[in-house]
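1. Would you be able to build a 3D model of this:
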Amino acid sequence: MPFKFPTVSSLLKNRSAKIILNIFVVAGVIIFSYLRPFDTFENIALDTRFRLRTTQPVNDKIVIIEISDDTLNQLGYWPLPRDFHASLVDVLSELGVKQVMFDLIFTDQTDYDNEFQQALRKADNAYLPYVLDISHKTQLKNLPEANKFITPLLPEFKKAARETGFINSYKDNDGKTRWTPLFIRKDNELHPQIALEMASDYLGIPIRDVVFKTNHVLINNKLKIPTARNGTMLVNYAGYWKDTFIHYSYVDILAAYQDQLIGQKPRVDLTLLKDAVCFIGLTATGTSDLHPIPLENNYPLVGLHANVFNSIVQGQHIHRADEIVNILILIVLLFLIFKTSMRLRKKPFIAFLIVVGYCVVFCIIGVFLFTLWGVWIDVSYPLRMMVLMFIGVSIYNIIAENKRREIIERELSIAQSIQESFLPKPIKKFHKLQIASRMKAAKHVGGDLYDLQKLDENKFGILIGDVSGKGVPAALVMARAMTIFRMLVKTTQEPGQLYHELNMEMAKDMKAGMFVTSTYIVYDATNCSIKIASAGHSATLVYRSQTGEIEQYIPKDGMPLGLLSDVEYSQEETVLNEGDKVILYTDGISEAMNLKREEFGEKRLYSAIKTNSNASPEAIVEAINAQINVFAGKAPQHDDCTLIILNQSDCQN
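-> Have a look, this model is predicted:
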């Protein structure tokens with residue numbers, strides 16, 4: 001026998017297969033969370049949090065010295081001769097600057113190298129950069145390694161500088177600079193990032209005994225800096241370029257110092273440079289040192305080093321929650337979504353609103369954690385999984401609900417067949433009495449009832465009734481009432497007496513709030529008379545052919561069946577003449593509604609009876625039902641409808 005692959009439906013019916021499938025799904029979600037394949041979207045969420053938080057406090061000693069448009073316009077050209085740099089180093093040293101970092105590359109020899117070298121050696125506070133060629137194989141997972149310098153620092157400048165360090169940084173897939181390595185290994189030697197070198201000197205913590213942990217770097221057992229697994233630091237940009245740090249123009253400092261020497265008021269306040277930490281970099285429009293960061297698209301990367309220094313000195317780091325923490329958060333969120341969706345499966349819109357609320361609250365928590373404590377939790381991936389979980393559970397609920405409804409539909413169809421079996425077989429004529437009847441339930445099963453019973457050769461019983469409520473409960477009461485009625489119907493030919501006995505039986509086990517309204521008629525063919533008893537039902541209508549009027553018959557005593565056990569029922573009697581018609585109906589006929597919530601009403605019913613008074617009982621039933629359908633239009637049927645028409649064709653007393 002050939003092997004057949006199991007179908008999805010067959011797998012879902014198997015409990016073990018369900019468990020295995022759920023384990024695979026959960027494992028897949030967790031693995032994806034751990035591997036973080038959607039970090040591109042998470043970076044967008046991170047950028048949003050950067051923009052939503054206010055500007056962070058910065059060290060008031062940090063100063064940005066910009067080689068901006070005005071500097072190039074006044075000094076004339078780029079690159080600036082190194083004697084200008086020598087002059088700036090001398091000026092800053094005279095003003096009491098504590099540290100100076102040049103975000104400029106010095107790889108080629110020029111005419112003024114000696115002047116610059118002497119200024120560096122004399123000041124002994126300058127930090128000069130270089131760029132390493134990082135191997136891409138080690139960039140993402142391990143401590144970065146380099147085989148060579150891309151832009152090596154001139155040896156004489158390296159000797160003259162206080163310290164040196166690399167200025168490498170990483171660009172993410174979207175081109176934004178968010179990360180910088182703290183150390184790069186070259187020839188088994190650790191090279192520090194230049195701002196880290198400056199910060200460690202500033203704090204008096206020498207860079208030695210460096211320990212690399214999963215989520216941080218520990219320097220000299222004193223300086224702890226949060227990092228990713230590959231030893232890179234997320235740059236905590238304190239704010240927009242113009243809103244953070246003190247900014248000076250390169251040329252303004254030189255000019256202001258000259259003003260001060262000749263006794264004029266300096267064009268800028270140079271006193272702020274006392275004990276300052278200065279970062280000198282190129283910020284002129286269109287220069288290659290402008291890059292996109294989370295906050296803005298054109299950000300001078302000299303600001304990156306200032307932010308790294310500020311973050312380390314101030315202890316204001318961004319801590320990215322590790323994979324395990326994010327997985328636990330994800331599991332809790334998915335559990336909440338699952339429980340909410342399952343608990344409110346019958347109220348999907350409310351479940352949707354609650355899930356949206358969960359998502360909003362989760363985003364707000366993510367923003368607050370980032371703003372107040374610098375904690376970065378994954379938001380993008382959990383939000384996607386929450387939405388997918390809600391959609392998945394909703395689809396499952398819909399499928400389960402459809403299956404449940406299919407079962408209920410089948411059971412209701414069976415119940416409908418059973419209920420229809422309680423109804424009498426069509427009897428169109430008894431002696432000279434013509435009979436037409438029709439019952440239409442609002443649902444599969446209904447609470448209306450009627451019966452036609454031959455009592456003897458000359459007497460005939462017609463019962464109509466309406467159980468309070470609709471659907472299955474009403475249908476069960478209807479079945480019980482019909483069963484008891486048929487047991488009692490031939491014990492007496494008096495409608496009032498039959499109701500007394502029927503009510504005694506119905507009241508024994510009737511559920512609170514349930515009752516039956518009913519009318520019972522006994523027709524006597526010997527004198528064409530009818531005896532009428534009512535148990536709280538609508539009036540029995542008799543159309544008189546001779547006058548064209550409709551008479552109402554409501555016996556004086558008649559309480560609905562099943563409310564009280566010992567109740568007396570009165571009855572009325574009248575004689576039918578040729579052409580007279582008796583109309584029995586339930587309130588579903590007169591109370592049929594249209595979309596405007598208007599009722600069909602007795603007035604329209606009477607008009608339909610009179611308009612079709614010369615027609616046969618079957619034709620009258622069809623005509624009344626047709627008028628109700630036209631009146632109701634597209635409005636759904638809200639109650640069971642039963643109609644019985646009796647016509648006295650001839651009577652010879």
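2. so how far is Phe183 from Glu189?
-> According to CB to CB, to the nearest Å, Glu189 stands 10 Å off from Phe183. The C-beta positions use only the backbone N, C-alpha and C, and glycine is treated the same way.
3. higher neighbour count, those two?
-> For Glu189 versus Phe183, neighbours defined as other CB atoms under 10 Å are more numerous around Phe183 (23 against 8).
4. what's the distance between the more buried one and Ile219?
-> In terms of CB to CB, Phe183 sits 10 Å off from Ile219.
5. Touching both of the two, which residues are there?
-> Residues touching both Phe183 and Ile219 (CB atoms under 8 Å, 6 or more residues apart in numbering): Val210.
6. Let's verify Glu115: helix, strand, or coil?
-> Using DSSP: H, G, I helix; E, B strand; the rest coil, the structure places Glu115 in helix.
7. Equivalent analysis for the one 3 residues further on, please.
-> Classification of Gln118 using three-state DSSP returns helix.
8. Tell me who's in contact with it.
-> Applying CB under 8 Å, 6+ apart, we find Gln118 in contact with Ala86, Ala160.
9. what does the one 5 residues further on give?
-> When the contact criterion is CB under 8 Å, 6+ apart, the partners of Ala123 are Val89, Asp90, Leu92, Ser93, Val100.
10. Which strand or helix spans the fourth one?
-> Ser93 belongs to helix 82-94 when assigned by DSSP states H and E.
11. helices or strands next to the very next helix or strand once past that helix in the packing?
-> Next helix or strand after helix 82-94 toward the C-terminus (DSSP H and E): strand 99-102. Applying 3 or more CB pairs under 8 Å, 6 or more residues apart in numbering; DSSP states H and E, we find strand 99-102 packed against helix 82-94, strand 126-134, helix 194-203, strand 277-282.
12. Tell me which of these is the most buried.
-> Across the helices and strands packed on strand 99-102, averaging neighbours per residue (mean count of other CB atoms under 10 Å) puts strand 277-282 on top, at a mean of 25.
13. Only the C-alpha atoms, please, for that strand, written as CSV.
-> Extracted C-alpha coordinates of strand 277-282, given in CSV (Å, rounded to 0.1, in the frame of the first residue of the first chain):
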residue,chain,number,x,y,z
VAL,A,277,37.8,68.9,27.0
CYS,A,278,37.9,70.0,23.4
PHE,A,279,37.0,68.0,20.3
ILE,A,280,38.1,69.5,17.0
GLY,A,281,36.5,68.4,13.8
LEU,A,282,35.3,69.3,10.3
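14. Partner strands of that strand, with direction?
-> Strand 277-282 pairs in its sheet with strand 62-67 (parallel), strand 99-102 (parallel), by DSSP bridges.
15. for those strands, which one sits closest to Ile329?
-> Closest approach to Ile329 among these (CB to CB): strand 62-67, 35.1 Å.
16. ok, residues contacting the closest one?
-> Strand 62-67 has contacts (CB under 8 Å, 6+ apart) with 78, 80, 88, 97, 245-250, 253, 272-273, 276-284, 300, 302-303, 306, 309-310.
17. what is the rounded mean pLDDT of that strand?
-> Per-residue pLDDT over strand 62-67 has a mean of 96.
18. now the angle between helix 82-94 and that strand, please.
-> Strand 62-67 and helix 82-94 are oriented at 160 degrees to each other (axes from the mean of the first three to the mean of the last three CA atoms, to 10 degrees).
19. from the chain's centre, how far out does strand 62-67 sit?
-> Remark: strand 62-67 is offset 47 Å from the chain centroid, using CA atoms, centre = their mean, to the nearest Å.
20. Can you point out the buried residues in it?
-> Within strand 62-67, the residues that qualify as buried are Ile62, Val63, Ile64, Ile65, Glu66, Ile67, counting by 16 or more other CB atoms under 10 Å.
21. Tell me which stretches of the stretch 101-250 of the chain form strands.
-> Residue ranges of the strands in the stretch 101-250 of the chain, as given by DSSP state E, counting those that start in this stretch, are 126-134, 145-151, 163-166, 170-171, 177-181, 183-186, 189-192, 210-212, 216-219, 223-226, 232-234, 246-249.
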